[in-house]
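J.: From the sequence below, what's the structure:
(one chain, ligands or ions: 1)
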Amino acid sequence: MARKLFIAGNWKMNLSAEQCTALASELAGSVGSDWPVEVALCPPCVYLSVVRAALDGSAIRLGAQNVYCESNGAFTGQISPGMLVDIGCDYVIIGHSETRHTIEPDEDDALINRKLLLALDAGLNVILCIGETLDQREQAQTDSVLDTQLTAGLANLQPASAETITIAYEPVWAIGTGQTATTDQAQQAHAFVRARLAELFDPVAANGIRIQYGGSVKPTNAAELLAGPDVDGALVGGASLKADDFLEIIKAGLQNASQTSGTAV
Ligand code: PGA
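T.: Residues are numbered from 1 along each chain as shown. All right, here's what the predicted structure looks like:
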């Protein structure tokens, strides 16, 4: 089964309302609706509606950067999956390394799993981020970390819902550092993830799940990183803040995909 390339921009805590509108509008006008790629933009949550309006009529999807694990109630400052659906979100990122390790040190796999199940229940597509720290890689723990994060993050997920999940393999040491995994390191981790997905669900479901690479993806390294057969797209932080750079990354992915399938882009 051919997996459609999926490139998502994670704008993190950047840009103003005006800048969000300008960037989203430029991308909406540049990404062809017939391009064989899914593109999503994940602005700060206060600008989701602003970006939704700017994307009106375009094929670009809208995503949030996080969500809470309850539907409603006394949870000051939190946002529920239903609220994200209500304002037109298609995707939500869950388990980003910055929420696992930097912002909410208490975001463990059990909490991530609660968020994921509730988000799916509300009708959102989930991008589940997993990845090892430098320390863990150096101690040869990459596979076991990915295994734990994947198994616990996807616990109790019905196989039928598997297709609404995207996994983002984001080595923590490569995020915002300018360091990237090599093509081989990325492919190796992605192949491991796919093999585990086949065990958790079944080979057919695993074959349909997209696995993005994330961590300092730039126009200069995108083609290389996206070359692996199990690398189905990218979750892009810094380089998604400039329309030209983000478009170049999308085009690098499309170029790879067309070479593999022999179809013209
Ligand atoms: P980066 O961020 O591209 O700036 O490294 C990627 C991410 O955190 O998703």
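
J.: which parts of the stretch 101-250 of the chain sit against the ligand?
T.: Residues of the stretch 101-250 of the chain found near the ligand (C-beta under 6 Å from any ligand atom) are Glu170, Ile175, Gly176, Gly214, Gly215, Ser216, Val217, Leu235, Val236, Gly237, Gly238, Ala239. For every residue, glycine as well, the C-beta is placed using N, CA and C.

J.: Any of those residues buried? List them.
T.: Glu170, Ile175, Gly214, Gly215, Ser216, Val217, Leu235, Val236, Gly237, Gly238, Ala239 (16 or more other C-beta atoms under 10 Å).

J.: Looking at pLDDT only, which of those residues scores worst?
T.: Lowest pLDDT within those is found at Ile175 (89).

J.: Against Lys242, how distant is that one?
T.: 18 Å (C-beta to C-beta, to the nearest Å).

J.: Contact partners for Ile249?
T.: Ile7, Val217, Lys218, Pro219, Ala222, Ala234, Val236, Ala239, Ser240 (C-beta atoms under 8 Å, 6 or more residues apart in numbering).

J.: again but with Leu225, I slipped
T.: Contacts of Leu225 by C-beta under 8 Å, 6+ apart are Thr180, Ala181, Thr183, Ala186, Tyr213, Val217, Val231, Ala234.

J.: Run a quick neighbour tally on the second one.
T.: Ala181 sits with 26 neighbouring residues when counted by other C-beta atoms under 10 Å.

J.: That one contacts Pro171, doesn't it?
T.: Yes: between Ala181 and Pro171 there is a contact under C-beta atoms under 8 Å: 5.6 Å.

J.: hmm, back to that, among the contacts of Leu225, which lie within strands?
T.: With DSSP state E as the criterion, strands contain Tyr213, Ala234 from among the contacts of Leu225.

J.: can you give me the strands in the stretch 1-150 of the chain?
T.: All strands of the stretch 1-150 of the chain, identified by DSSP state E, counting those that start in this stretch, fall at 5-10, 37-42, 61-64, 91-94, 125-130.

J.: nearest to Gln78, of those strands?
T.: strand 61-64 (12.0 Å; C-beta to C-beta).

J.: is the ligand contacted by that closest one?
T.: No: using C-beta under 6 Å from any ligand atom, no contact is recorded between strand 61-64 and the ligand, whose separation bottoms out at 11.4 Å.

J.: i'd like the first residue to be 716 from this point on
T.: Yes, from this point I'll number from 716; that puts the last item at strand 776-779.

J.: And the contacts of that strand?
T.: Under C-beta under 8 Å, 6+ apart, the answer for strand 776-779 is 723, 753-757, 760, 763, 766-767, 770, 794, 799, 803-808, 842.

J.: And it, what's buried?
T.: For strand 776-779, by 16+ other C-beta under 10 Å, it's Arg776, Leu777, Gly778, Ala779.

J.: Taking the contacts of Ile964 together, which two end up most distant?
T.: Ile722 and Lys933 (12.8 Å).

J.: Narrow the contacts of Leu940 to those in helices?
T.: Thr898, Ala901 (DSSP state H).

J.: Give me the buried entries from the contacts of Leu940.
T.: Thr895, Ala896, Thr898, Ala901, Tyr928, Val932, Val946, Ala949.

J.: nearest to the ligand, of those?
T.: Nearest to the ligand among those, counting by C-beta to the nearest ligand atom, is Val932 at 5.4 Å.

J.: Quick check: that closest one touching Gln894?
T.: No: with contact defined as C-beta under 8 Å, Val932 does not reach Gln894; the gap is 11.7 Å.

J.: Glu733: how many residues sit nearby?
T.: For Glu733, using other C-beta under 10 Å, the count is 10.
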